[in-house]
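> everything below, folded, please.
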Amino acid sequence: MEKSRSFKPFHLIFVMVLAVLLITCMSVAPTLAADKPIKIGVCLARTGPFTSLVAFLIDGLKLSFEQAGGKVAGKQFEVVWEDEGPGDPAFVMDKLRKLVESDKVDIIIGPFNSDLRLPTLAYTSKKKIPSFAVVCDDEGALKFPYAYAFNQTTFQEARPVGWYAFDQLKVKTVNAIGGDWHAGHAFIEGFTQGFTKERNGKVLSQQFPPLGTTDFSSYIVAMKPADAIVLMSVPGDVGAFLSQAHGMGAFKNTKVINIGQSILPPMLKDLGPILIGNVWQHAEYQPFYKGPANKKFNELYQAKFGHPAGSFEGCGYAVGSVVLEALRITKGDTNPDKVHEAVKSINMDTPLGKLTFVPGNADKSGVEGILSRFIEVIKQGKDGYYWDLAYEYPEVKPAPIMK
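This next block holds a predicted model:
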């Protein structure tokens with residue numbers, strides 16, 4: 001009896017230690033889960049033909065993350081950056097697999113190149129990783145679950161440009177020149193729907209020079225007499241085309257309508273004198289748009305970079321804001337179904353205007369933004385040439401493609 005009583009304190013101590021360990025384990029596990037940072041993967045072009053455009057997007061995107069201070073809904077978030085590369089699907093897929101399988105990201109932004117968007121969505125949608133287009137998305141992206149075209153699709157964006165050409169500029173006939181990649185064709189197709197199927201204009205010719213074309217003389221000669229030239233390509237190609245077309249007299253009594261905001265502000269120093277009074281441009285973002293979020297963004301951007309923001313900076317800031325807003329709505333929960341419902345419920349002011357989303361489909365696909373669309377015109381001020389707001393189409397809703 002004495003022997004058994006002498007062991008009791010040790011038994012009691014053992015039980016107490018075990019209880020403390022169990023309580024500690026139970027409390028530590030949730031704490032570790034709560035402390036795990038949200039990971040946002042960004043896959044955008046640091047090399048290839050879109051580098052000059054994407055550099056501005058990245059500036060705006062980084063600014064949105066900096067303003068959040070690395071936290072959303074009280075949780076830390078990390079950004080993992082990758083290069084989408086020069087346009088090779090195999091290259092970008094390697095980067096996406098790294099982000100998903102090695103870095104374990106919860107959300108992906110990008111890629112920018114529309115030729116790469118669909119193959120990456122085929123992968124990320126199966127993995128249930130929400131994927132946000134950084135500017136406008138491919139029309140085919142809407143069939144994939146967990147894909148978000150916050151700034152609409154290339155096709156839908158271009159429709160109001162067709163309306164403006166017919167209604168405001170009184171253009172009845174156009175020649176179309178588009179860069180020969182997916183977005184080039186899709187923008188021209190969207191313009192054509194707005195101009196010919198939703199209005200009564202006629203597209204007399206469509207030509208699609210390869211990206212990187214330096215001599216456009218054969219394309220210019222092939223154009224038919226028309227009221228306007230509709231143009232869509234990357235900045236270098238657009239600049240070369242405009243200079244050559246002007247030199248060949250193609251702008252005589254002919255308006256120029258550029259889609260995609262590829263006539264960047266730095267290009268206006270050289271192009272402004274030959275284009276002023278004769279060129280209009282579709283704009284996803286317009287710096288003179290009067291909205292509280294745009295005013296705040298312009299002030300932040302000017303303070304950080306020392307010059308006004310352009311379209312791609314505005315789009316970059318907007319997509320970062322949209323991703324963070326969805327995470328605020330979920331209270332930091334990265335469950336893809338919760339993120340999906342959060343995106344559909346967004347109603348917010350952005351530098352691009354008020355943003356809401358279409359309802360989407362039951363299979364989690366088809367979620368597209370409803371935003372204002374802008375038309376801008378070149379003007380000359382004391383500091384040089386700039387893009388001014390010419391017209392706004394508020395809260396344009398996507399429409400079915402009319403065959």
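
> going forward, measure contacts and count neighbours with C-alpha atoms only.
Fine.

> got the buried residues for stretch 160-168?
Along stretch 160-168, these residues count as buried under the neighbour rule (16 or more other CA atoms under 10 Å): 160-166.

> buried ones in the helix or strand encompassing Ala303?
According to DSSP states H and E, Ala303 maps onto helix 292-305. Residues 293-295, 297-298, 300-301 are the ones in helix 292-305 that count as buried (16+ other CA under 10 Å).

> contacts for the following helix or strand past it, please.
Where DSSP H and E defines the elements, the next helix or strand beyond helix 292-305 is helix 311-329. Outside helix 311-329, the residues that touch it by CA atoms under 8 Å, 6 or more residues apart in numbering are 53-54, 56-65, 72-73, 132-135, 150, 261, 283-287, 297, 333-334, 339, 342-343, 346, 350-352.

> same deal with stretch 263-278?
Against stretch 263-278 from outside (CA under 8 Å, 6+ apart): 235, 238-239, 242-243, 246, 254-256, 310, 377-380, 384-387.

> which strands and helices lie in contact with the helix holding Ala303?
Helices and strands touching helix 292-305, by 3 or more CA pairs under 8 Å, 6 or more residues apart in numbering; DSSP states H and E, are strand 348-350.

> state the mean pLDDT of the strand it packs on.
Averaged across strand 348-350, pLDDT comes to 94.

> for stretch 371-383, same thing?
So the average pLDDT for stretch 371-383 ends up being 91.

> ok, stretch 360-367 next?
76.

> contacting residues around that stretch?
Contact partners of stretch 360-367, identified using CA under 8 Å, 6+ apart, comprise 141-150, 340, 344, 357-359, 368.

> ends of it, how far apart?
End-to-end distance for stretch 360-367: 5 Å, by CA to CA, to the nearest Å.

> now do that stretch: distance to the chain's middle.
19 Å (CA atoms, centre = their mean, to the nearest Å).

> one more: stretch 85-97?
Relative to its chain's centre, stretch 85-97 lies at 18 Å (CA atoms, centre = their mean).

> rewinding a little: got TSV for the buried residues of stretch 160-168, with pLDDT and distance to Ile229 too?
Below are the buried residues of stretch 160-168 laid out as TSV (pLDDT from 0 to 100; distance: CA to CA, whole Å):
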residue	pLDDT	distance to Ile229
Pro160	95	16
Val161	96	12
Gly162	97	12
Trp163	97	15
Tyr164	97	14
Ala165	97	10
Phe166	97	13
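
> now render those as JSON lines, adding secondary structure and distance to Ala399.
Shown next, in JSON lines, are the buried residues of stretch 160-168 (DSSP: H, G, I helix; E, B strand; the rest coil; distance: CA to CA, whole Å):
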{"residue": "Pro160", "secondary structure": "helix", "distance to Ala399": "11"}
{"residue": "Val161", "secondary structure": "helix", "distance to Ala399": "14"}
{"residue": "Gly162", "secondary structure": "helix", "distance to Ala399": "14"}
{"residue": "Trp163", "secondary structure": "helix", "distance to Ala399": "14"}
{"residue": "Tyr164", "secondary structure": "helix", "distance to Ala399": "17"}
{"residue": "Ala165", "secondary structure": "helix", "distance to Ala399": "19"}
{"residue": "Phe166", "secondary structure": "helix", "distance to Ala399": "18"}
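
> right, I'll leave it there.
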